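1. Please work out how this folds:
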Amino acid sequence: MARLPLPEQTNGAGFTPRTQARHAAGPRPCTVRLATLADCAHLPALEQDAARAFASIPELAWLAGGPVTSPAAHQRCVATQTCWVGVETTGQVRGFLSATPYGHTLHIEEMSVAQAAQGHGLGRRLLHSACQAAQERGMRHVTLTTFRAVPWNAPFYASVGFCVVPPNALDARLGHILEQEVAHGFDATARCAMRLDLQPTVQCVPE
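-> Predicted coordinates for the structure are as follows:
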């Protein structure tokens, strides 16, 4: 079984083409915490800012101005305590991860980090918080769908322990998500589902 993503690790696969220089300048201090309803209004603009990185990939440049997750969708994740934000000391939200619980699985709906904060490990810390919470709740897996070849997508998630789910191993839920993505204009060959298997937490038995 895979270990949880370590928040202190860094890896070039998590950088967009515009963040290498910013990484050299040193990390920006951010605290990761559960999101509140007040945070939700700020997350669509943050996701839109992060999506501008796709402008550097001609076939995906249309995503730079594409639709983003609505505040209402984030509010549903806040209600299940499965939305986390990275907040600077100034109070500005610089990244988020919104997920939905499905039985023994936590599915990541969206993770975005503002371009000005990319390359400093915030994405890994958000992932670690989500995976740790899922493990503490007794969940067995964390899943997501993403682009196979975009450096800060599948290669990044693979670097923290996620594995691509083969087409013949997709469950109905993941298969449906991928089908919906194709219906919304994504190239089926460019997308994949990924999964991280969590180690069960140790249960203390009273003597």
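
2. in this protein, which spans are helices?
-> According to DSSP state H, the chain carries its helices in the segments 20-24, 43-51, 71-79, 122-136, 154-159, 172-183.

3. Which positions within the fourth one qualify as buried?
-> So that's helix 122-136. 122-131, 133-135 (16 or more other CB atoms under 10 Å). Heads up, the C-betas are built off the backbone N, CA and C, glycines and all.

4. again with stretch 96-103
-> Here stretch 96-103 shows 96-99, 101 as buried, counting by 16+ other CB under 10 Å.

5. What residues does residue 157 make contact with?
-> 144, 146, 194 (CB atoms under 8 Å, 6 or more residues apart in numbering).

6. Kindly report the same for residue 44.
-> 68-71.

7. returning to what we had before: among the buried residues of stretch 96-103, pick out the one closest to residue 140, please.
-> Checking the buried residues of stretch 96-103 against residue 140 by CB to CB gives residue 101 as the nearest, at 11.6 Å.

8. And the pLDDT for that closest one?
-> Here the pLDDT value assigned to residue 101 is 98.

9. who touches it in this structure?
-> 80, 82, 107, 134, 137, 139.

10. Identify the farthest-apart pair in these.
-> The widest separation within the contacts of residue 101 (CB to CB) is 13.5 Å, between 107 and 137.

11. need the contacts of residue 101 in CSV with distance to residue 169 and pLDDT, can you?
-> Below are those laid out as CSV (distance: CB to CB, whole Å; pLDDT from 0 to 100):
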residue, distance to residue 169, pLDDT
80, 26, 98
82, 24, 98
107, 16, 98
134, 20, 97
137, 24, 96
139, 19, 97
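
12. among those, which ones are buried?
-> 82, 107, 134, 139.

13. Just the ones in strands from these, please.
-> residue 107 (DSSP state E).

14. Return the closest of the buried ones among the contacts of residue 101 with respect to residue 45.
-> Of the buried ones among the contacts of residue 101, the one sitting nearest to residue 45 (CB to CB) turns out to be residue 82, at 20.9 Å.

15. list the contacts for the spatially closest residue to the closest one that is not a sequence neighbour?
-> Leaving aside its sequence neighbours, residue 82 sits nearest to residue 99 (CB to CB, 6 or more residues apart in numbering; 4.4 Å). Taking CB under 8 Å, 6+ apart as the criterion, residue 99 is in contact with 77, 82-83, 106-109, 130, 142.
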